[in-house]
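S.K.: Compute the structure for the input listed below.
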Amino acid sequence: MAFQPAKQIYSGSIREITLGVGDKAVTVGGRSAYPFHSFEGEMKNPPKVAMEVWDKDPSEDWCDAAKEPFKDVLGDPAAWAKKCVEQYGAELIVVQTKSADPNAENAPADQVAATVKKVVDAVDVPVVVWGVASHEKDVDVMKAVAEQCSGKRLALSPVEEGDYKQIGAACLGYKHVVVSSSPIDVNLAKQLNILLGNLGVNSKDILIDPTTGGLGYGLEYTYSVMERLSQAALTQEDEKLQQPIIANVGNEVWKSKEANLSAEEAPNLGDPTKRAVMMEAITAVDLLIAGADIVTLRHPESVKLVKGFIQKML
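M.R.: Numbering: from 1, shown residues only. Predicted coordinates for the structure are as follows:
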């Protein structure tokens with residue numbers, strides 16, 4: 001007799017959210033069981049792999065392993081985004097607005113928004129815009145981005161308790177998606193979604209960013225919180241937590257010390273490129289199993305590994 005796994009029927013499901021417009025618009029969510037548990041329920045839309053693009057040249061901040069695949073386009077965010085889509089298979093682009101950081105370059109909001117607009121115009125896949133977690137600056141930047149990219153159905157992130165009214169209103173006015181961001185806590189994630197709902201943001205226009213910890217830097221806690229978000233959505237039918245999840249993996253993993261150490265600095269850690277790629281891919285796979293619907297990666301080899309995992313699991 002063939003093995004028959006025990007099955008659980010779930011009363012809740014994850015909402016479907018569509019990002020972007022046109023033929024390459026992406027729909028995530030729609031899951032009625034735990035990730036990849038196709039024997040228990042439906043996984044209507046497979047998880048998606050995004051790649052990050054910085055709005056400034058990151059050469060001073062990135063190690064050689066991270067720069068090598070993009071060395072010809074690092075100074076041109078639009079060309080960089082096109083390369084990610086056309087050569088490396090990115091299903092979404094995440095623009096990290098690093099130039100806006102008030103503790104660094106502090107680029108004007110209109111200038112940052114103009115760069116984002118160039119990226120949006122250069123690719124036909126959905127675009128997520130990631131701020132610098134400075135409430136005042138993110139409000140200025142995201143309002144400018146929302147206006148300049150009106151109707152493109154971008155996702156704007158991170159939208160936090162300190163700025164949800166201003167950025168949420170911009171998303172409402174220009175028809176974008178809110179990325180509701182809270183510091184690795186189920187109750188705080190729920191509370192922020194309640195506040196966004198009170199503001200008038202439709203539940204079909206919200207993604208959850210529970211905040212991401214990389215391998216060796218809080219991954220297990222991130223995994224636990226994502227899993228609990230899924231449990232609340234599927235087994236308790238908590239409608240405020242039935243949103244797809246996005247995980248900003250690459251930005252977290254590649255800023256760690258271990259991802260940037262050279263072979264000379266850490267001879268016992270093996271090849272530095274393979275080491276960083278594996279750290280990124282392992283983090284992404286773990287978070288996909290925990291419930292992430294979109295993972296944002298940096299290195300093309302990580303993209304290959306993670307896409308291969310998704311395909312095999314489906």
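S.K.: Show the pLDDT at the closest residue to residue 40 other than its chain neighbours.
M.R.: Closest residue to residue 40 apart from its sequence neighbours, by Cβ to Cβ, 6 or more residues apart in numbering: residue 33 at 4.1 Å. Heads up, the C-betas are built off the backbone N, CA and C, glycines and all. At residue 33, the pLDDT value in this model is 94.
S.K.: and residue 33, how far is that from residue 294?
M.R.: Residue 33 is 19 Å from residue 294, where distance means Cβ to Cβ, to the nearest Å.
S.K.: Which of the two has more residues huddled nearby?
M.R.: residue 294 (30 against 20; other Cβ atoms under 10 Å).
S.K.: Near the nearest residue to the more buried one once chain neighbours are set aside, how many residues? Count them for me, please.
M.R.: Spatial nearest neighbour of residue 294, excluding adjacent residues (Cβ to Cβ, 6+ apart): residue 246 at 4.3 Å. By other Cβ under 10 Å, the residues close to residue 246 number 32.
S.K.: what does the one 4 residues further on give?
M.R.: The local packing of residue 250 (other Cβ under 10 Å) involves 27 other residues.
S.K.: Which strand or helix spans it?
M.R.: helix 249-253 (DSSP states H and E).
S.K.: Would you pull up how far that helix lies from the middle of the chain?
M.R.: 10 Å (Cα atoms, centre = their mean, to the nearest Å).
S.K.: ok, residues contacting the next helix or strand after that helix?
M.R.: With elements assigned by DSSP H and E, the helix or strand that comes after helix 249-253 is helix 257-260. Residues from elsewhere that reach helix 257-260 (Cβ atoms under 8 Å, 6 or more residues apart in numbering): 63, 216, 253-254, 266, 269, 272, 275-276, 279-280.
S.K.: What is the nearest of those to residue 101?
M.R.: Using Cβ to Cβ, the shortest approach to residue 101 within those belongs to residue 254, at 16.6 Å.
S.K.: I figured that closest one hits residue 61, correct?
M.R.: No - contact criterion Cβ atoms under 8 Å: residue 254 and residue 61 do not qualify, at 9.2 Å.
S.K.: Comparing the two, which residue is more hemmed in?
M.R.: Applying other Cβ under 10 Å to residue 254 and residue 61 shows that residue 254 carries more neighbours, namely 24 against 15.
S.K.: the strands in the stretch 201-314 of the chain, which residues?
M.R.: Taking DSSP state E, counting those that start in this stretch, the strands of the stretch 201-314 of the chain run over residues 206-209, 246-247, 294-297.
S.K.: Run me through the strand neighbours of the last one, direction for each.
M.R.: This points to strand 294-297. Partners of strand 294-297 in the sheet, by DSSP bridges, are strand 48-54 (parallel), strand 246-247 (parallel).
S.K.: residues making contact with the following helix or strand past the longest one?
M.R.: It refers to strand 48-54. Following strand 48-54 in sequence order, the next helix or strand is helix 64-67 (DSSP H and E). With contact meaning Cβ under 8 Å, 6+ apart, helix 64-67 is reached by 58-59, 74, 254, 272-273, 276-277, 298-299.
S.K.: Sounds good, over and out.
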